[in-house]
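[1] I'd like to go over a predicted model; first the sequence, then the structure.
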Amino acid sequence: MDESAPYLHGTAPAEQARLSLLNRLMNEGALRELSLRGGERIVDFGCGLGQLSRGMSRAAGRRLLGIERSAEQLAEAARQAAVAGEEDLMELRQGDVSAPPLREDEWGKFDVAHARFILEHVQDPLGVVRQMVRAVRPGGRIILQDDDHEVLRCFPEPPGFAALWSAYARTYDRLGCDPFVGRRLASLLHEAGAKPVRCTFIFFGGCAGEASFPGLIENMSGLLSGAREPIVEGGLLGAAEFVGALEALRIWALRPDAAFWYGIFWAEGVRP
């Protein structure tokens, strides 16, 4: 992360548990889109708890380099890898994605530079993508996955939820970050000197009849609950409105016709 932008969600155990759930819900789709063929040398910018990093390493059949600013996230990533018996799949380095701790002989040598949910949390996303382009060899891939919070749609819509979601999005721009950066990914690749070659969505939604729906709702509720302080103390929504909207979401999730649609924006570029 950019050192000048505090990470909105923090690194408390509850947030680490939410991130672990998020990875379980998302990583299969992400690995499918990555289409790793084997043998790729990968650097993961903002690797967080490392669950997807380990998945990429397994798919590539090669040790991955993960870069993460937070000492707490790195410690939990190492712990989870050890529990899984997969500590050899990653080399973890503490550092900022805007100034990645790569050795001189590592620049321009990676086959893939990857970042997920990083650009929405930095004040200079273009600077980060430029570093990713520098990190890969000519012909190497730069893969970006990120949010555009405007695309969320719930139906029937829980009372008060739209105001809560809008307030949540505003917490990003209060930090100088872009909650809608997903729509910019291909443009950022182009501006950073890469050739955009593909863009798509990873669907991240569901309806009440799907087995994944409770986990999706748990993730959404945890995401919003964890942002209570910047939303309420920041004057973006009143405390009563905040509590009421979360309760409405809980009740709504029990409806047999509850459904929501969301997508993770994906863009891939190649270094000329």
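    Looks like it arrived, so ask away. Residues are numbered from 1 along each chain as shown.

[2] Cys199 belongs to a strand, doesn't it?
    Yes. Membership of Cys199 in a strand is supported by DSSP: H, G, I helix; E, B strand; the rest coil.

[3] wait, it sits on Ala267?
    Yes. Between Cys199 and Ala267 a contact is recorded at 4.5 Å, counting by Cβ atoms under 8 Å. For glycine as for every other residue, the C-beta is placed from the backbone atoms N, C-alpha and C.

[4] can you pull the residues that touch both of those two?
    Jointly contacting Cys199 and Ala267 under the rule Cβ atoms under 8 Å, 6 or more residues apart in numbering are 185-186.

[5] quick one: which of those two has more around it?
    Set Cys199 next to Ala267 and count neighbours by other Cβ atoms under 10 Å: Ala267 wins out with 25 against 16.

[6] just to be sure, that one is in a strand?
    Yes. Counting by three-state DSSP, Ala267 is part of a strand.

[7] look up the closest residue to it, ignoring the ones flanking it.
    In space, and not counting its chain neighbours, Ala267 is closest to Leu185: 3.5 Å by Cβ to Cβ, 6 or more residues apart in numbering.

[8] tell me the pLDDT at that neighbour?
    Note for Leu185: predicted pLDDT of 98.

[9] three-state assignment of Leu9?
    To be clear, residue 9 is His; Leu isn't right here. Here His9 takes the coil state, with states given by three-state DSSP.

[10] again, but for Ile217
    Put simply, Ile217 is helix when judged by three-state DSSP.

[11] ok, it to Ala113 distance?
    To Ala113, Ile217 is 33 Å away according to Cβ to Cβ, to the nearest Å.

[12] looking at these two, which is more packed in?
    Using other Cβ under 10 Å as the criterion, Ile217 and Ala113 rank with Ala113 on top: 27 against 19.

[13] please consider this matter closed, and thank you.
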